[in-house]
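*Asks:* Kindly generate the corresponding structure for this input.
(one chain, ligands or ions: 1)
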Amino acid sequence: MNSLFRKDLSDFKPYEAEVNNCKVILNANESFINIEKQLEDEIISVIKDIEINRYPDPTGEKLRKIYGSYSGTDKEKIMIGNGSDELISIICNTFVNSGDKIVKLNPDFSMYKIYGVLHGAEVLEYDLKEDFTLDIDDFIDFINYEKPKVVFVSVPNNPTGGIVKKEDILKLIKSVNSIVVIDEAYFEFYGNTVIDEIDNYDNLIILRTASKIGLAALRLGFLITNSTLLMELYKVKPPYNVNSITQEIGALIYENKQVIEDNISRILREKSSLQISLLSLSERINFKLYPSGTNFILIEIYEAKELYEYLKNNGVSVRFFGKGRLENCIRITVGNRDENRLLLEAINKFLGDR
Ligand code: PMP
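*Replies:* Presented below is the predicted three-dimensional model:
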């Protein structure tokens, strides 16, 4: 049987999505606000009208129109995906042949590498500086030397929370002959975007997701680009990739921009108070807090593994990476007030127990 398997995947490690029984879940950058509950009656009523015996709208016309006005772009430039994960896969499948190079940052979102490898690419990683900032000129030189087909950059970065200035992103896009994917998964928390630049560059693709604004269960992502690249990407997109329930709920929620904005403000308020508390803790013991343009905070602490395990044993789940530059880092998603309090109490207890 093994002879039928792909040899190049024999040592391949799939993405490990942690399932846990912790009471406080701060490990996956989800929103602590369940947006579907807030619009429950309307959601039930749109679901009732769905013809479940029919295939979904293949391009999600209505949803694209609504997302277009939410995001300030034209619906003709948008493709919908089953989460932005699927759109990353579609990008690789569209542009990468076996043996082609793709470039991602290190650290950055791991799915770029996973889909790159699955599509047979040689995945090159370019290291961020010691403080997790990007040397943009050196990065451009690296890309022009390696000549990859596709470059992936998340802005803000997951897992560091760091940002790249808009002028640097534009410099990158115009200085290289590769497709540049700017993944704006955390756009709502950061506020800056290059979406208004779509028509100015022939090699720019933007990704967005509904997962961070309270809709992770829906699996809904958006790709925004020019019509030439979009035509290529449509060759690869599975026809009915986003189901009708997701399309309808997505359309309803993106029409309620005020609800989304209020939730984001609430998350940002909790983030500020969590940052302040962590900062005062970090003065007591030696740990570092990285600046964040997202709904999570990366901390660097010598006993990261012990702290991660202690938190887990005390019902608080955070993200621990345990290798490379992230060896001593823990990523904490901002929770609600009670969750953040439980987290801080547990960290305090960990420090006291040492
Ligand atoms: N890009 C980045 C940078 C992310 O952090 C994530 C989610 N962790 C995704 C894409 C994937 O989002 P989705 O849930 O839409 O697949």
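
*Asks:* just checking, S292 touches N157?
*Replies:* No: between S292 and N157 there is no contact under CB atoms under 8 Å: 9.4 Å. The way it works is simple: take the backbone N, C-alpha and C, and place the C-beta from them, glycine included.

*Asks:* Name the residue in the two with the higher neighbour count.
*Replies:* N157 (27 against 23; other CB atoms under 10 Å).

*Asks:* excluding its backbone neighbours, what's nearest the more buried one?
*Replies:* D108 (6.0 Å; CB to CB, 6 or more residues apart in numbering).

*Asks:* Assign that neighbour to helix, strand or coil.
*Replies:* coil (DSSP: H, G, I helix; E, B strand; the rest coil).

*Asks:* Can you tell me which residues in the protein are near the ligand?
*Replies:* 29, 83-85, 109, 154, 158, 183, 185, 209, 211, 216, 221 (CB under 6 Å from any ligand atom).

*Asks:* who's in contact with stretch 30-46?
*Replies:* Residues outside stretch 30-46 that contact it (CB atoms under 8 Å, 6 or more residues apart in numbering) are 211-217, 248-249, 251-253, 256, 259-260, 263, 266-267, 270, 295, 333-336, 339.

*Asks:* Please, a ChimeraX command that selects the buried ones among those?
*Replies:* Here is the ChimeraX selection string for the buried members of the contacts of stretch 30-46, based on 16 or more other CB atoms under 10 Å:
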select :211,212,213,214,215,216,248,249,251,252,253,256,259,260,263,266,267,270,295,333,334,335,339
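
*Asks:* before we move on, the earlier item: just checking, which of the residues of the chain next to the ligand belong to strands?
*Replies:* Judged by DSSP state E, the subset of the residues of the chain next to the ligand located in strands is S154, D183, T209, G221.

*Asks:* tally of neighbours for the first one?
*Replies:* It refers to S154. 24.

*Asks:* Quick check: what element follows the lowest-mean-pLDDT helix or strand in the chain along the chain?
*Replies:* Sorted by mean pLDDT, DSSP states H and E, the helices and strands of the chain end with helix 35-38, the least confident at a mean of 87. The element immediately downstream of helix 35-38 (helix or strand, assigned by DSSP states H and E) is helix 40-48.

*Asks:* following that following helix, which helix or strand comes up?
*Replies:* Following helix 40-48 toward the C-terminus (DSSP H and E): helix 61-71.

*Asks:* where do the helices sit along the stretch 251-354 of the chain?
*Replies:* With helices called from DSSP state H, counting those that start in this stretch, the stretch 251-354 of the chain shows them at 257-284, 304-313, 337-353.

*Asks:* okay, these, which one's buried deepest?
*Replies:* Most buried of those by mean neighbour count (mean count of other CB atoms under 10 Å) is helix 304-313; its value is a mean of 17.

*Asks:* leaving aside the residues next to it on the chain, what's closest to the residue of the stretch 51-200 of the chain at minimum distance from the ligand?
*Replies:* Nearest residue of the stretch 51-200 of the chain to the ligand: G83, at 2.9 Å (CB to the nearest ligand atom). Leaving aside its chain neighbours, G83 sits nearest to R219 (4.3 Å; criterion: CB to CB, 6+ apart).

*Asks:* mind checking pLDDT for V19?
*Replies:* pLDDT recorded at V19 is 77.

*Asks:* part of a helix, is it?
*Replies:* No: counting by three-state DSSP, V19 is not part of a helix but coil.
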